[in-house]
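Student: sequence first, then the predicted structure, then my questions.
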Amino acid sequence: MTSRTDRLRAAVGRWAAKAAERRAEVGSDPGSDRGGGDGIDHRLNNVEAGRAQAEAEAGSAGTGSDYVPPPPQYAPAIAAKPEPAAAVPWGVRVAAEAGWRLLVLAGVIWVLMKVVSTISLVIIAFSAGLLITALLQPTVARLRRIGLGRGLATAITFIGGFVIMGLVGWFVVWQVMENLDTLTDKVQAGIQELRDWALNGPFHVSEDQINDIAQNLSDWVGDNSKELTSAGIEGVTVIVEFLSGALLTMFVTLFLLYDGRRIWEWTLKFVPSAAREGVAGAGPRAWATLTGYVRGTVIVALIDAIFIGIGLYFLNVPMAVPLAVFIFLFAFIPIVGAVISGALAVVVALVTNGPVSAALALAVVLAVQQIESHILQPFILGRLVRVHPLAVVLGVTGGSLIAGIPGAVVAVPLVAVSNTVVGYLKGYAQEQTLRQLKEAAPQPGAAGAQGEGHAPSPAPGPGQGQLPGDGDK
């Protein structure tokens, strides 16, 4: 390192000697310009000053190998460039930040949708079991109150509930099969009447046009025979999936009825400890909302089915009882289900008995549905599951797009339960904030602090603190 410094000093010395010689030559030249000599003297003085400064800094640096001489004082200053992030406009930065977060959120939603579509059978079966449990759990609680054991009460309720549902399904199928021939004959007669009306009516449709329509329909069936056959094979697959889902639903219902509280307590272990208290309080209220919705919907659907079925029976509409059962089942799909079931009843009346009977059937359906919307639902359901009609329509539409009819059935109770849970958690967070502020505030005295303590949360109403499986308490 010392030799390198010595070489640097020697080079600077040689350069200074050459500059001095050059100065002497310029000074001895008789034709030299005085002003030019002054300029050279000024430059040489700067060089000598620079050499002296370099020697001083080299001496102070010692033997450091990383020493780099600084630039001369007359070097031009270079402006520092701004950071790349600071050079991007604020609006572009905000848009970019929001854009990549939205992309991540869309990716997460897409993955969740794929997972849901893969295990849709399990999700639908669990949701159906949860709804059936909400319908049957009050019966288990009543049987427990009269002295029956938990297992016996669960077994009686489970067997009785599924036997009744099986009998209802068998009755609907039996009624359809019994009236199928009559309905087919009346449909054929209605088609013939429609054909005669088209020939003799104001539109003056010719026989050849009707034959062409029939031929086109026959050709379409022939051309799409493979698709129809594959649809039949898919129908067999759907039947197998339905039976598997029904069996899984029965198991879910049985275990929720027997051990629902322990299942809920086990689920709470997966919730972070900071949020566990709030989620534990929201659970019973969500269950109360679900049970209230299911029981209220069953009562409203039963009233609709009875009165519309009576009206169709007095109008001599075929299959009045199966149509009433369909009205009962479709009532679990709010708004949309009532429209579909009512339209089905009117179409059957139109095809079998003519336009007058169809108009009377439409009047009966509209009258019963108006009574349901303005009297029965507000009186039976009340404030427990109050959801805006727009949320109902959007929920039913989204549920049907995701999971078909099962999704449409589950959508509205899911929206109602979410509304209850969000409302409770919001109130719980506000209560916790007020409590923390009050604890942090200085108290005038111990007695005053005890007298002005925060009031506890109100106790749950009837049924709000009761989870499935509470009958054993």
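Tutor: Done, it's in.

Student: in the stretch 201-350 of the chain, where is pLDDT below threshold?
Tutor: 201-205, 210, 214-215, 217-236 (pLDDT under 70).

Student: let me fix that, I meant to ask about the stretch 351-473 of the chain.
Tutor: 380-386, 442-473.

Student: so how far is V88 from V252?
Tutor: As for V252, its distance to V88 is 54 Å (criterion: CB to CB, to the nearest Å). (C-beta placed from N, C-alpha, C; glycine too.)

Student: looking at these two, which one has more neighbours?
Tutor: It is V252, of V252 and V88, that has more neighbours when counted by other CB atoms under 10 Å, with 19 against 11.

Student: ok, the nearest residue to the more buried one once chain neighbours are set aside to F162 distance?
Tutor: Excluding the flanking residues, the one nearest V252 by CB to CB, 6 or more residues apart in numbering is G129, at 3.0 Å. The gap separating G129 from F162 is 11 Å, by CB to CB.

Student: list residues touching both of the two?
Tutor: Common neighbours of G129 and F162, using CB atoms under 8 Å, 6 or more residues apart in numbering, are M250, T253.

Student: more neighbours: which of these two?
Tutor: G129 (21 against 17).

Student: and the helix or strand that one falls within, what does it pack onto?
Tutor: Applying DSSP states H and E as the criterion places G129 in helix 120-145. Applying 3 or more CB pairs under 8 Å, 6 or more residues apart in numbering; DSSP states H and E, we find helix 120-145 packed against helix 150-200, helix 225-268, helix 273-314, helix 389-440.

Student: format those as TSV; extra columns: distance to H374.
Tutor: Below are the helices and strands packed on helix 120-145 laid out as TSV (distance: least, CB to CB, whole Å):
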stretch	distance to H374
helix 150-200	28
helix 225-268	34
helix 273-314	12
helix 389-440	13
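
Student: list the residues that contact I308.
Tutor: L323, A324, I327, G342, A345, V364, V365, V368.

Student: got the angle for the host helix or strand of the last one vs helix 273-314?
Tutor: Element membership for V368, per DSSP H and E: helix 355-371. Angle between the axes of helix 355-371 and helix 273-314 is 150 degrees (criterion: axes from the mean of the first three to the mean of the last three CA atoms, to 10 degrees).

Student: which element follows helix 355-371 toward the C-terminus?
Tutor: Following helix 355-371 toward the C-terminus (DSSP H and E): helix 377-380.

Student: residues touching that next one, excluding its own?
Tutor: G296, I299, V300.

Student: show me how far that helix is from its chain's centre.
Tutor: 28 Å (CA atoms, centre = their mean, to the nearest Å).

Student: same question for stretch 152-165.
Tutor: On CA atoms, centre = their mean, the centre of stretch 152-165 falls 34 Å from that of its chain.

Student: same thing with stretch 88-95?
Tutor: 30 Å.

Student: check stretch 262-277 too.
Tutor: The answer for stretch 262-277 is 21 Å, by CA atoms, centre = their mean.

Student: show me the contacts for P318.
Tutor: With CB under 8 Å, 6+ apart, P318 has these contacts: N179, T182, L183, K186, V348, T352.

Student: which phi and psi does A331 have?
Tutor: phi -70, psi -20 (degrees, to the nearest 10).

Student: with adjacent residues omitted, what lies nearest to it?
Tutor: A301 is the one closest to A331 (CB to CB, 6+ apart), at 3.3 Å.

Student: E277 versus the one you found, what's the distance?
Tutor: From A301 to E277 the distance is 37 Å (CB to CB).

Student: so between the two, which is more surrounded?
Tutor: Per other CB under 10 Å, whichever of A301 and E277 has more neighbours is A301, with 21 against 13.

Student: so that one touches F328, yeah?
Tutor: Yes. The pair A301 / F328 is scored as a contact, 4.8 Å apart, by CB atoms under 8 Å.

Student: so for these two, which residues contact both of them?
Tutor: Counting by CB under 8 Å, 6+ apart, nothing touches both A301 and F328.

Student: if we can go back for a sec, closest to R261 among the contacts of I308?
Tutor: I327 (35.8 Å; CB to CB).

Student: the closest one sits in which helix or strand?
Tutor: I327 belongs to helix 320-330, assigned by DSSP H and E.

Student: quick one, phi/psi of V88?
Tutor: Dihedral angles (degrees, to the nearest 10) for V88: phi -80, psi 130.

Student: just the helices and strands packed on helix 120-145: most buried one?
Tutor: helix 273-314 (a mean of 18; mean count of other CB atoms under 10 Å).

Student: so that helix versus helix 225-268, what angle?
Tutor: Counting by the same axes, to 10 degrees, helix 273-314 lies at 140 degrees to helix 225-268.

Student: how close does the nearest residue to F158 once chain neighbours are set aside sit to I146?
Tutor: Nearest in space to F158, with sequence neighbours left out and distances taken as CB to CB, 6+ apart, is L254 at 5.4 Å. L254 sits 21 Å away from I146, going by CB to CB.

Student: if anything else comes up later, I'll come back, but that's it for now.
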